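**Student:** Sharing a sequence plus its predicted fold:
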Amino acid sequence: MSNNDMMEREEIYSKVLRAGRRTYFFDVRATKAEDYYLTITESKKFTNEDGSFHYKKHKIYLYKEDFAEFREILGEMTDYIITEKGEEVISERHQKDFKKESFETKEEEEPTSPENFTDVNFEDI
C-alpha cells in the first residue's frame, strides 16, 4: 500500500483534545488486515514573525499488543506527577489570565515590614 493510500484512509473513530497552542488527535485506524490500532497526534501551532503560522506534528502509533503495558505505565506516570506536584499548573505562563506586568508589579508593591529586615550594626563587623 502506498503512502497516499495510507493518508487517504479515514479514521474509524476519533476524538480531539484542544489544549492551548496544542491539539491532540486520537484516531482509531485499521491495518491492512482490518485490525485496529490507535494513533495519537500532537499538533502545535507556531506563529512566524510576519504573522503567518505553521503547525508541527508528532505522531505515536499504538498497537493492541502494547495497550495493557502502555495504559499501566501512563497511569503510573500520571499518578506520580499528581502525587508529587498536585493538579495545579505551576508555571504561571500556562495560566490563561497571567499577565507578566501585573505579576512583577504585585511583587514590587508588597510593603516591606520591619520583620523582613535584620538590624545590623556595622561596628560589630
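**Tutor:** Yep, it's here. What you see is a predicted model, and the numbers here were worked out from it, not measured in a lab.
**Student:** Wait, a strand at residue 84?
**Tutor:** No. Going by DSSP: H, G, I helix; E, B strand; the rest coil, the assignment for residue 84 is helix, not a strand.
**Student:** Please work out how many residues are found near it.
**Tutor:** 7 (other C-beta atoms under 10 Å). C-beta here means a position set from N, CA and C on the backbone, and glycine is covered the same way.
**Student:** if I look at residue 85, how far off is residue 74?
**Tutor:** 17 Å (C-beta to C-beta, to the nearest Å).
**Student:** Actually, residue 64.
**Tutor:** Distance from residue 64 to residue 74, by C-beta to C-beta: 15 Å.
**Student:** what's the answer for residue 55, then?
**Tutor:** Residue 55 is 24 Å from residue 74, by C-beta to C-beta.
**Student:** Between the two ends of stretch 48-67, what distance do you get?
**Tutor:** Distance across stretch 48-67, first residue to last, is 38 Å (C-alpha to C-alpha, to the nearest Å).
**Student:** any idea of the mean pLDDT for stretch 48-65?
**Tutor:** What stretch 48-65 shows for mean pLDDT is 93.
**Student:** now stretch 79-96
**Tutor:** Here the average pLDDT along stretch 79-96 is 81.
**Student:** my hunch is that residue 46 is in a strand, does that hold up?
**Tutor:** Yes. Residue 46: assigned to a strand according to three-state DSSP.
**Student:** Can you report how many residues lie near it?
**Tutor:** Residue 46: 10 neighbours (other C-beta under 10 Å).
**Student:** If we ignore the residues flanking it in sequence, what's nearest it?
**Tutor:** residue 54 (5.6 Å; C-beta to C-beta, 6 or more residues apart in numbering).
**Student:** For that neighbour, give its distance to residue 74.
**Tutor:** On the measure of C-beta to C-beta, residue 54 and residue 74 end up 29 Å apart.
**Student:** Which strand residues bridge residue 18?
**Tutor:** residue 23 (DSSP bridges).
**Student:** Would you check how far apart it and residue 80 are?
**Tutor:** Residue 18 is 26 Å from residue 80, where distance means C-beta to C-beta.
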